[in-house]
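Chemist: Need coordinates for the following:
(one chain, ligands or ions: 2)
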Amino acid sequence: MTRPMMIPSIDIAALFDPAASLAREAADRAIAAAASESGFMLVTGLAAHIPIAPAQLQKLKRAFALTEQQRRPLLRQKFRPENQNIYRGWFPLQNGFETYKEGIDMGPDVAYGDAVIDNTDPLREATPLPPESDLPGWRADAGAYYRGMEQVGGVLMRAIARGLGLDDGIFDAAFKGGISTFRLIRYPVRSDASYGNLQRDRLTVTHDGRTGYFLGTPHVDSGFVTLLAQDGVEGLQARHRDGGWIDVPPTDNSLVVNFGKLLERWTGGRIKATEHRVIGWGQERYSIPFFYEPRVDAVISPLPLADMQAFTPFLYGDYLWQSTTKFVEFAGLEHRRPPRGLSAAQ
Ligand SMILES: O=C(O)CCC(=O)C(=O)O
Ligand SMILES: [Fe+2]
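Modeler: Ligands and ions are numbered 1, 2, ... in the order given. Below you'll find the model as predicted:
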């Protein structure tokens, strides 16, 4: 086995300045190397207005102080049949699953309001949000976070394009009106009851001489890139190419970035989606992933890269529904959104 690989830490301050510079080229190169080697990177040097300081994450976590009664209207339909939302909304703790978490999935309406909602498409449905009186100021914080992460996703997306030797505006149209998902997660310490009928030893993990338990089993994310704010408690691990797992340390004022399946498919496998998992080491943990995603009707077709393996173009929304409903969280919803097909492209 090779030595465990470190997660590279990359200062992306220069990416927020639209002008080309040596610093920007250095960041582009470091990102391209992370994309082809470690598959994970820590990004620092975010513009000052991007709200990821610990105190700002703390404000978002206020959602977990909602009472059960206040959460009820936010639950996905699967958990409360009279609610209309099937894709966005609250997911409660459930026993008997390999993952053990609760939280909320939010869409672009948290940042841009009703104008971006289309209730005929589950991927564009309204996000159920707590009323202002339940959590004063929270919606504004959530909206600012969403917009901040979109900006980070945008500068990374352009750096990735340059790193591939492409025009850096090549992805712009696909991400205009994107449907990124902003998720708040709380992982409590696993209780005995949380295992339900599962075999507990199958969910027990030993790593570097320590024993923990799965909170999230190995998977790749479906989107383009994922921007993850960790909240001081370790647990995330990335798969090294030698097959081992590397700890991704929680570092304040930075984001962990991993590459998603959409980017892998779009680049014909040039950039591989990163497998990762979450281990509980006996402490409650919070994390805030932002899945940076294109618009539903973006046509994903082969990029003009050398040696690109051709594939049949598809719509992002069709692909996303198919991959999302493979996750246990959304299993059983496949039929709720038939593929729209390329004729639905704008
Ligand atoms: O909690 C984490 O650190 C990662 C969460 C994750 O992998 C996901 O939600 O896809
Ligand atoms: Fe993930």
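Chemist: From now on I want contacts and neighbour counts done on CA atoms only, so please keep to that.
Modeler: OK.
Chemist: how deep is Ile288 tucked in, by neighbour count?
Modeler: By the criterion of other C-alpha atoms under 10 Å, Ile288 has 21 neighbours.
Chemist: helix or strand for it, which one?
Modeler: Using DSSP states H and E, Ile288 sits within strand 285-292.
Chemist: Just checking: what are the partner strands of that strand?
Modeler: strand 181-187 (antiparallel), strand 225-230 (antiparallel) (DSSP bridges).
Chemist: For the stretch 51-200 of the chain, which residues are neighbours of ligand 1?
Modeler: Nowhere does the stretch 51-200 of the chain come near ligand 1, counting by C-alpha under 6 Å from any ligand atom.
Chemist: Name all residues that make contact with the residue lying closest to Gly103 once chain neighbours are set aside.
Modeler: Spatial nearest neighbour of Gly103, chain neighbours left out: Ile185 (4.6 Å); criterion: C-alpha to C-alpha, 6 or more residues apart in numbering. Shown in contact with Ile185 (C-alpha atoms under 8 Å, 6 or more residues apart in numbering): Lys101, Glu102, Gly103, Ile104, Tyr286, Ser287, Ile288.
Chemist: What residues are bridge-paired with Ile185?
Modeler: Under the criterion used (DSSP bridges), Ile185 bridges to Gly103, Ser287.
Chemist: any idea how far Glu334 is from it?
Modeler: As judged by C-alpha to C-alpha, to the nearest Å, Ile185 and Glu334 stand 24 Å apart.
Chemist: Val189 contacts Gln283, correct?
Modeler: Yes: the criterion here is C-alpha atoms under 8 Å, and Val189 meets it with Gln283 at 5.8 Å.
Chemist: Same drill for the two, tell me which one is more crowded.
Modeler: Val189 (17 against 13).
Chemist: Next, find the distance separating the more buried one from His276.
Modeler: For Val189, the distance to His276 (C-alpha to C-alpha) stands at 20 Å.
Chemist: dump the residue contacts of the closest residue to Ala238 other than its chain neighbours.
Modeler: Nearest non-adjacent residue to Ala238, counting by C-alpha to C-alpha, 6+ apart: His276, 4.3 Å away. Listed by C-alpha under 8 Å, 6+ apart, the contact set of His276 reads Thr217, Pro218, His219, Val220, Leu236, Gln237, Ala238, Arg239.
Chemist: Low-confidence ranges, the protein, go.
Modeler: Low-confidence segments of the chain, defined by pLDDT under 70: 1-5, 346.
Chemist: And for Pro108, the neighbour number?
Modeler: 25.
Chemist: Wait, it touches Thr181, no?
Modeler: Yes: here Pro108 lies in contact with Thr181, judged by C-alpha under 8 Å, at a distance of 7.4 Å.
Chemist: For Gly282, pull up the helix or strand it's in.
Modeler: Counting by DSSP H and E, Gly282 is part of no helix or strand.
Chemist: My guess is it contacts Ser191. True?
Modeler: No: judged on C-alpha under 8 Å, Gly282 makes no contact with Ser191 at a distance of 10.2 Å.
Chemist: So those two - more neighbours on which side?
Modeler: Neighbour count, other C-alpha under 10 Å: between Gly282 and Ser191, Gly282 has more, with 13 against 10.
Chemist: Please identify the residues of the stretch 201-346 of the chain in proximity to ligand 1?
Modeler: Asp221, Leu236, Val278, Ser287, Pro289.
Chemist: what residues are up against the second one?
Modeler: Okay, so that is Leu236. Counting by C-alpha under 8 Å, 6+ apart, Leu236 makes contact with Asp247, Val248, Pro249, His276, Arg277, Val278, Ile279.
Chemist: So the third one, which state does it fall into?
Modeler: Put plainly, it is Pro249. coil (DSSP: H, G, I helix; E, B strand; the rest coil).
Chemist: Would you enumerate the residues in contact with the residue nearest to it when sequence neighbours are not counted?
Modeler: Spatial nearest neighbour of Pro249, excluding adjacent residues (C-alpha to C-alpha, 6+ apart): Glu234 at 5.9 Å. Neighbouring residues of Glu234 by C-alpha under 8 Å, 6+ apart: Asp247, Val248, Pro249, Pro250, Trp281, Arg285.
Chemist: Look up how far Trp281 lies from Glu234.
Modeler: Distance of Glu234 to Trp281, given as C-alpha to C-alpha: 8 Å.
Chemist: mind listing what the nearest residue to Pro188 once chain neighbours are set aside touches?
Modeler: Excluding its sequence neighbours, the residue lying closest to Pro188 (C-alpha to C-alpha, 6+ apart) is Glu284, at 4.6 Å. Contacts for Glu284 (C-alpha under 8 Å, 6+ apart) come out as Arg186, Tyr187, Pro188, Val189, Val233.
Chemist: make it 6 Å
Modeler: Tyr187, Pro188, Val189 (C-alpha atoms under 6 Å, 6 or more residues apart in numbering).
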